[in-house]
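Novice: quick one: sequence and predicted model below, then my questions.
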Amino acid sequence: MTCRTGGTYLTQQLNIGVIGTDSSHSTAFAALLNHAEHPYHVPGGRIVSAYAGGSPDFELSISRVGIFAAELAGKHQVHFYDTPEEVAEHSDAVMILTADGRRHTELFESVAAYGKPVFIDKPLALSLKDAEEICEIAQKNGIPLMSSSSLRYAEALTSERSSTESGKITGTDCYGPMAMEPTQPGYFWYGIHSIEMMYAILGTGCEYVTAVSADDPGSEELIIGEWSDGRIGTARGSRLSGTPFGAVIHREKGQIFVNMDASVKPFYASLLERVMEVFHRKAETPDMRITLEIIRFIEAANESRETGNKIKL
(Lines give C-alpha, C1' and ligand atoms only; values in the text may rest on other atoms or scores of the structure.)
Protein backbone atom coordinates (compact mmCIF):
# COMPACT_ATOMS: atom_id res chain seq x y z
CA MET A 1 0.00 0.00 0.00
CA THR A 2 1.29 3.45 -0.94
CA CYS A 3 -0.13 6.46 0.87
CA ARG A 4 0.52 10.11 0.38
CA THR A 5 0.55 12.94 2.91
CA GLY A 6 2.04 16.40 2.84
CA GLY A 7 3.56 15.75 -0.60
CA THR A 8 5.51 12.67 0.59
CA TYR A 9 4.71 9.06 -0.28
CA LEU A 10 4.54 6.71 2.70
CA THR A 11 5.04 3.11 1.66
CA GLN A 12 4.71 1.32 4.98
CA GLN A 13 1.87 1.06 7.49
CA LEU A 14 3.45 1.69 10.89
CA ASN A 15 2.15 0.24 14.14
CA ILE A 16 2.03 3.16 16.57
CA GLY A 17 1.97 2.92 20.34
CA VAL A 18 0.46 5.52 22.66
CA ILE A 19 1.75 6.15 26.18
CA GLY A 20 -0.79 8.07 28.23
CA THR A 21 -4.52 8.09 27.50
CA ASP A 22 -5.36 10.88 29.95
CA SER A 23 -5.56 13.42 27.12
CA SER A 24 -8.22 13.84 24.43
CA HIS A 25 -5.32 13.93 21.97
CA SER A 26 -5.10 10.13 22.19
CA THR A 27 -8.62 9.63 20.79
CA ALA A 28 -8.33 12.55 18.34
CA PHE A 29 -5.14 11.07 16.86
CA ALA A 30 -6.69 7.58 16.68
CA ALA A 31 -9.70 8.94 14.79
CA LEU A 32 -7.44 10.57 12.19
CA LEU A 33 -5.00 7.67 11.84
CA ASN A 34 -7.12 4.53 12.22
CA HIS A 35 -10.10 5.37 10.03
CA ALA A 36 -9.61 5.80 6.29
CA GLU A 37 -13.17 7.15 5.95
CA HIS A 38 -12.35 10.17 8.13
CA PRO A 39 -12.48 13.30 5.92
CA TYR A 40 -9.03 14.35 7.19
CA HIS A 41 -7.54 10.88 7.50
CA VAL A 42 -3.75 10.86 7.92
CA PRO A 43 -2.30 7.75 6.27
CA GLY A 44 0.86 5.81 7.01
CA GLY A 45 0.10 4.18 10.36
CA ARG A 46 -2.38 3.02 12.96
CA ILE A 47 -2.48 3.31 16.73
CA VAL A 48 -2.50 -0.34 17.76
CA SER A 49 -1.20 -0.38 21.35
CA ALA A 50 -1.39 1.80 24.43
CA TYR A 51 -0.48 2.22 28.08
CA ALA A 52 -3.13 4.17 30.02
CA GLY A 53 -1.10 5.81 32.80
CA GLY A 54 -2.69 8.77 34.60
CA SER A 55 -1.57 11.03 37.47
CA PRO A 56 -3.58 10.68 40.71
CA ASP A 57 -2.77 14.24 41.88
CA PHE A 58 -3.84 15.81 38.56
CA GLU A 59 -7.66 15.78 38.49
CA LEU A 60 -7.97 16.43 34.77
CA SER A 61 -5.68 13.46 34.15
CA ILE A 62 -7.03 10.84 36.51
CA SER A 63 -10.69 11.66 35.85
CA ARG A 64 -10.36 11.13 32.09
CA VAL A 65 -7.77 8.40 31.64
CA GLY A 66 -10.30 5.56 31.88
CA ILE A 67 -12.81 7.27 29.60
CA PHE A 68 -10.33 7.76 26.78
CA ALA A 69 -8.84 4.29 27.30
CA ALA A 70 -12.28 2.74 26.88
CA GLU A 71 -12.88 4.70 23.68
CA LEU A 72 -9.51 3.67 22.25
CA ALA A 73 -10.14 0.01 23.02
CA GLY A 74 -13.76 -0.08 21.86
CA LYS A 75 -13.99 2.37 18.98
CA HIS A 76 -10.43 2.19 17.65
CA GLN A 77 -9.47 -1.44 18.49
CA VAL A 78 -6.34 -0.49 20.44
CA HIS A 79 -4.70 -3.18 22.59
CA PHE A 80 -3.61 -2.15 26.09
CA TYR A 81 -0.42 -3.20 27.88
CA ASP A 82 0.60 -2.88 31.52
CA THR A 83 3.84 -0.95 30.97
CA PRO A 84 5.26 1.68 28.58
CA GLU A 85 8.06 -0.74 27.72
CA GLU A 86 5.59 -3.31 26.36
CA VAL A 87 4.02 -0.63 24.16
CA ALA A 88 7.43 0.31 22.73
CA GLU A 89 8.29 -3.36 22.14
CA HIS A 90 5.12 -3.92 20.10
CA SER A 91 5.29 -0.66 18.11
CA ASP A 92 7.23 0.82 15.22
CA ALA A 93 6.91 4.34 16.65
CA VAL A 94 5.74 5.83 19.94
CA MET A 95 3.60 8.81 20.93
CA ILE A 96 3.96 10.01 24.53
CA LEU A 97 0.64 11.82 24.98
CA THR A 98 0.51 11.90 28.79
CA ALA A 99 -1.15 15.18 29.79
CA ASP A 100 1.16 15.56 32.79
CA GLY A 101 4.38 17.18 31.57
CA ARG A 102 6.09 16.21 34.82
CA ARG A 103 6.16 12.59 33.64
CA HIS A 104 7.54 13.04 30.12
CA THR A 105 11.21 12.60 31.03
CA GLU A 106 10.74 9.35 32.94
CA LEU A 107 8.39 7.92 30.32
CA PHE A 108 10.80 8.76 27.52
CA GLU A 109 13.65 7.17 29.47
CA SER A 110 11.61 3.99 29.85
CA VAL A 111 11.27 3.51 26.07
CA ALA A 112 14.49 5.09 24.76
CA ALA A 113 16.42 1.81 24.67
CA TYR A 114 14.05 0.49 21.99
CA GLY A 115 15.29 3.15 19.56
CA LYS A 116 11.86 3.84 18.04
CA PRO A 117 10.92 7.30 16.68
CA VAL A 118 9.06 9.28 19.36
CA PHE A 119 6.60 12.16 19.37
CA ILE A 120 6.11 13.85 22.77
CA ASP A 121 3.01 15.99 23.07
CA LYS A 122 3.32 19.52 24.37
CA PRO A 123 4.96 20.49 26.60
CA LEU A 124 8.16 18.53 26.02
CA ALA A 125 8.93 19.06 29.71
CA LEU A 126 8.22 21.52 32.51
CA SER A 127 11.79 22.81 32.76
CA LEU A 128 14.67 23.47 30.41
CA LYS A 129 16.80 21.04 32.45
CA ASP A 130 14.39 18.15 31.84
CA ALA A 131 13.88 19.13 28.18
CA GLU A 132 17.64 19.10 27.57
CA GLU A 133 17.91 15.72 29.29
CA ILE A 134 15.27 14.29 26.93
CA CYS A 135 17.17 15.63 23.90
CA GLU A 136 20.45 14.18 25.19
CA ILE A 137 18.85 10.75 25.67
CA ALA A 138 17.40 10.92 22.14
CA GLN A 139 20.77 11.83 20.66
CA LYS A 140 22.56 9.07 22.61
CA ASN A 141 20.09 6.45 21.35
CA GLY A 142 19.76 7.80 17.80
CA ILE A 143 16.04 8.45 18.24
CA PRO A 144 14.14 10.74 15.84
CA LEU A 145 12.35 13.01 18.33
CA MET A 146 9.62 15.58 17.78
CA SER A 147 7.59 17.68 20.21
CA SER A 148 5.11 20.41 19.36
CA SER A 149 1.73 21.95 19.93
CA SER A 150 -0.65 21.38 17.03
CA LEU A 151 -0.95 25.17 16.67
CA ARG A 152 2.61 25.37 15.30
CA TYR A 153 1.47 23.55 12.16
CA ALA A 154 -2.07 24.92 11.80
CA GLU A 155 -2.84 25.41 8.11
CA ALA A 156 -4.05 29.01 8.41
CA LEU A 157 -0.85 30.00 10.22
CA THR A 158 1.65 28.20 8.00
CA SER A 159 -0.02 29.58 4.87
CA GLU A 160 0.19 33.22 5.96
CA ARG A 161 3.66 32.82 7.46
CA SER A 162 5.11 31.59 4.16
CA SER A 163 3.79 34.58 2.19
CA THR A 164 6.33 37.28 1.31
CA GLU A 165 3.92 39.67 -0.41
CA SER A 166 4.16 42.34 2.29
CA GLY A 167 7.85 42.02 3.03
CA LYS A 168 9.77 40.59 5.95
CA ILE A 169 8.12 39.77 9.26
CA THR A 170 8.81 42.46 11.87
CA GLY A 171 6.73 41.08 14.75
CA THR A 172 3.56 39.33 15.76
CA ASP A 173 0.70 39.46 18.25
CA CYS A 174 -0.81 36.06 19.06
CA TYR A 175 -3.73 35.23 21.30
CA GLY A 176 -5.68 32.31 22.65
CA PRO A 177 -6.99 30.65 25.81
CA MET A 178 -4.58 30.48 28.77
CA ALA A 179 -6.26 28.25 31.31
CA MET A 180 -3.95 27.06 34.09
CA GLU A 181 -3.56 23.86 36.10
CA PRO A 182 -1.90 23.69 39.56
CA THR A 183 0.40 20.78 38.66
CA GLN A 184 1.53 22.35 35.37
CA PRO A 185 3.31 25.62 36.27
CA GLY A 186 1.88 28.83 34.82
CA TYR A 187 1.92 29.00 31.05
CA PHE A 188 3.04 25.40 30.50
CA TRP A 189 -0.56 24.17 30.38
CA TYR A 190 -2.42 26.26 27.79
CA GLY A 191 -0.23 29.32 27.35
CA ILE A 192 2.18 27.19 25.36
CA HIS A 193 -0.21 27.15 22.36
CA SER A 194 -0.04 30.91 21.72
CA ILE A 195 3.70 30.86 22.43
CA GLU A 196 4.16 28.07 19.85
CA MET A 197 2.28 30.21 17.33
CA MET A 198 4.58 33.14 18.09
CA TYR A 199 7.67 30.98 17.58
CA ALA A 200 6.27 29.50 14.37
CA ILE A 201 6.12 33.07 13.04
CA LEU A 202 9.32 34.57 14.49
CA GLY A 203 11.63 31.58 14.97
CA THR A 204 14.33 31.45 17.64
CA GLY A 205 16.32 34.39 19.00
CA CYS A 206 14.25 35.83 21.84
CA GLU A 207 16.42 37.71 24.33
CA TYR A 208 14.05 39.12 26.99
CA VAL A 209 10.64 38.13 28.34
CA THR A 210 8.13 40.13 30.36
CA ALA A 211 4.78 38.77 31.57
CA VAL A 212 1.84 40.62 33.10
CA SER A 213 -1.12 38.92 34.80
CA ALA A 214 -4.36 40.81 35.51
CA ASP A 215 -6.40 40.07 38.60
CA ASP A 216 -9.95 38.74 38.32
CA PRO A 217 -12.50 39.37 36.89
CA GLY A 218 -10.46 40.03 33.73
CA SER A 219 -8.14 37.04 34.14
CA GLU A 220 -6.00 38.42 31.32
CA GLU A 221 -2.42 37.38 30.59
CA LEU A 222 0.13 39.23 28.42
CA ILE A 223 3.60 37.94 27.56
CA ILE A 224 6.06 40.13 25.64
CA GLY A 225 9.13 38.69 23.94
CA GLU A 226 11.94 40.91 22.67
CA TRP A 227 14.03 39.31 19.91
CA SER A 228 17.73 40.09 19.58
CA ASP A 229 17.19 41.55 16.07
CA GLY A 230 14.63 44.09 17.32
CA ARG A 231 11.43 42.20 16.53
CA ILE A 232 8.74 41.94 19.20
CA GLY A 233 6.26 39.14 19.74
CA THR A 234 3.35 39.03 22.16
CA ALA A 235 1.19 36.19 23.42
CA ARG A 236 -2.05 37.35 24.97
CA GLY A 237 -4.69 35.14 26.54
CA SER A 238 -7.53 34.73 28.94
CA ARG A 239 -8.01 32.26 31.77
CA LEU A 240 -11.74 32.44 31.03
CA SER A 241 -13.34 29.91 28.70
CA GLY A 242 -14.33 30.53 25.08
CA THR A 243 -11.28 32.45 23.86
CA PRO A 244 -10.39 31.56 20.23
CA PHE A 245 -6.89 31.34 18.73
CA GLY A 246 -5.63 33.99 16.33
CA ALA A 247 -2.66 36.15 15.35
CA VAL A 248 -1.61 39.34 13.62
CA ILE A 249 1.62 39.10 11.62
CA HIS A 250 3.39 42.44 11.26
CA ARG A 251 5.39 42.89 8.07
CA GLU A 252 7.40 45.71 6.51
CA LYS A 253 4.45 46.77 4.34
CA GLY A 254 1.48 46.02 6.54
CA GLN A 255 -0.28 43.61 8.82
CA ILE A 256 -2.00 40.32 8.15
CA PHE A 257 -4.69 38.88 10.41
CA VAL A 258 -4.59 35.12 10.79
CA ASN A 259 -7.97 33.59 11.58
CA MET A 260 -7.03 30.19 12.97
CA ASP A 261 -10.55 28.91 12.35
CA ALA A 262 -10.49 29.90 8.66
CA SER A 263 -9.35 26.42 7.66
CA VAL A 264 -11.73 23.53 8.28
CA LYS A 265 -8.80 21.13 8.45
CA PRO A 266 -8.20 20.18 12.12
CA PHE A 267 -4.99 21.45 13.75
CA TYR A 268 -4.28 17.85 14.76
CA ALA A 269 -4.35 16.65 11.14
CA SER A 270 -1.67 19.15 10.09
CA LEU A 271 0.49 18.15 13.05
CA LEU A 272 0.03 14.42 12.40
CA GLU A 273 1.08 14.77 8.78
CA ARG A 274 4.41 16.16 9.99
CA VAL A 275 4.72 13.51 12.70
CA MET A 276 4.12 10.70 10.22
CA GLU A 277 6.79 12.04 7.89
CA VAL A 278 9.24 11.98 10.80
CA PHE A 279 8.13 8.49 11.86
CA HIS A 280 8.65 7.24 8.30
CA ARG A 281 11.96 9.13 8.15
CA LYS A 282 10.72 10.83 4.98
CA ALA A 283 11.50 14.26 6.40
CA GLU A 284 14.17 15.66 8.67
CA THR A 285 13.33 15.72 12.35
CA PRO A 286 12.30 19.30 13.24
CA ASP A 287 15.10 21.30 14.83
CA MET A 288 14.66 20.78 18.57
CA ARG A 289 16.34 24.11 19.30
CA ILE A 290 13.04 25.89 18.73
CA THR A 291 11.27 23.56 21.19
CA LEU A 292 14.02 24.01 23.79
CA GLU A 293 13.82 27.79 23.46
CA ILE A 294 10.03 27.63 23.86
CA ILE A 295 10.48 25.71 27.13
CA ARG A 296 13.03 28.28 28.35
CA PHE A 297 10.73 31.13 27.21
CA ILE A 298 7.87 29.71 29.31
CA GLU A 299 10.18 29.30 32.31
CA ALA A 300 11.20 32.94 31.98
CA ALA A 301 7.61 34.11 31.45
CA ASN A 302 6.51 32.26 34.61
CA GLU A 303 9.36 33.89 36.54
CA SER A 304 8.44 37.34 35.21
CA ARG A 305 4.78 36.74 36.06
CA GLU A 306 5.74 36.01 39.67
CA THR A 307 8.40 38.70 40.16
CA GLY A 308 7.29 41.49 37.84
CA ASN A 309 10.80 41.63 36.35
CA LYS A 310 12.01 41.45 32.77
CA ILE A 311 13.86 38.14 32.42
CA LYS A 312 16.80 37.47 30.13
CA LEU A 313 16.73 34.12 28.33
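Specialist: Perfect, I can see it now.
Novice: what sits against residue 303?
Specialist: 309, 311 (C-beta atoms under 8 Å, 6 or more residues apart in numbering). Placement of C-beta: from N, CA and C, glycine included.
Novice: hmm, I typed the wrong one, I wanted residue 103.
Specialist: 20, 53, 55.
Novice: in a helix, it, correct?
Specialist: Yes: secondary structure of residue 103 (DSSP: H, G, I helix; E, B strand; the rest coil): part of a helix.
Novice: gap between it and residue 56?
Specialist: Going from residue 103 to residue 56 by C-beta to C-beta, to the nearest Å gives 12 Å.
Novice: same question for residue 43.
Specialist: For residue 43, the distance to residue 56 - C-beta to C-beta - is 37 Å.
Novice: more neighbours: those two, which one.
Specialist: residue 43 (19 against 8; other C-beta atoms under 10 Å).
Novice: which SS state does the more buried one fall under?
Specialist: Per three-state DSSP, residue 43 ends up coil.
Novice: ditto for residue 272
Specialist: Residue 272 - assigned by three-state DSSP - is helix.
Novice: so it is in contact with residue 32, correct?
Specialist: Yes: shown here, residue 272 and residue 32 form a contact pair, counting by C-beta atoms under 8 Å, at 5.7 Å.
Novice: joint contacts of these two?
Specialist: Residues touching both residue 272 and residue 32 (C-beta under 8 Å, 6+ apart): residue 42.
Novice: give me the more crowded residue out of those two.
Specialist: residue 272 (28 against 21).
Novice: roughly how far does that one sit from residue 278?
Specialist: In terms of C-beta to C-beta, residue 272 sits 10 Å off from residue 278.
Novice: and what of residue 182?
Specialist: For residue 182, the distance to residue 278 - C-beta to C-beta - is 33 Å.
Novice: pick out whichever of the two has more residues nearby.
Specialist: Using other C-beta under 10 Å, the more surrounded residue of residue 182 and residue 278 is residue 278, with 19 against 9.
Novice: pretty sure the more buried one is in a helix, no?
Specialist: Yes: if the criterion is three-state DSSP, then residue 278 is within a helix.
Novice: on the three-state scheme, the nearest residue to it once chain neighbours are set aside is what?
Specialist: In this structure, residue 278 finds its nearest non-sequential neighbour in residue 146, 5.1 Å apart by C-beta to C-beta, 6 or more residues apart in numbering. Per three-state DSSP, the secondary structure class of residue 146 is strand.
Novice: what sits against residue 146?
Specialist: With C-beta under 8 Å, 6+ apart, residue 146 has these contacts: 117, 118, 119, 120, 274, 275, 278, 285, 286.
Novice: which ones are touching the residue lying closest to the fifth one once chain neighbours are set aside?
Specialist: Leaving out its chain neighbours, the residue that sits closest to residue 274 by C-beta to C-beta, 6+ apart is residue 153, at 5.6 Å. Applying C-beta under 8 Å, 6+ apart to residue 153 gives the contacts 200, 267, 270, 271, 273, 274.
Novice: I'd like the distance between the residue nearest to the first one when sequence neighbours are not counted and residue 63.
Specialist: It stands for residue 200. Sequence neighbours aside, residue 152 is the residue nearest to residue 200 in space, at 4.6 Å (criterion: C-beta to C-beta, 6+ apart). Residue 152 is 28 Å from residue 63, where distance means C-beta to C-beta.
Novice: the more surrounded of these two?
Specialist: When residue 152 and residue 63 are compared for neighbours, residue 152 comes out ahead with 27 against 11, by other C-beta under 10 Å.
Novice: and that one, how close does it get to residue 23?
Specialist: 17 Å.
Novice: pLDDT averaged over stretch 34-52 - what is it?
Specialist: Averaged across stretch 34-52, pLDDT comes to 97.
Novice: if you count neighbours, what's buried in that stretch?
Specialist: 34, 41-52 (16 or more other C-beta atoms under 10 Å).
Novice: would a markdown table of those residues with distance to residue 177 be doable?
Specialist: Below are the buried residues of stretch 34-52 laid out as a markdown table (distance: C-beta to C-beta, whole Å):
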| residue | distance to residue 177 |
| --- | --- |
| 34 | 28 |
| 41 | 28 |
| 42 | 25 |
| 43 | 31 |
| 44 | 31 |
| 45 | 30 |
| 46 | 31 |
| 47 | 27 |
| 48 | 33 |
| 49 | 32 |
| 50 | 27 |
| 51 | 29 |
| 52 | 27 |
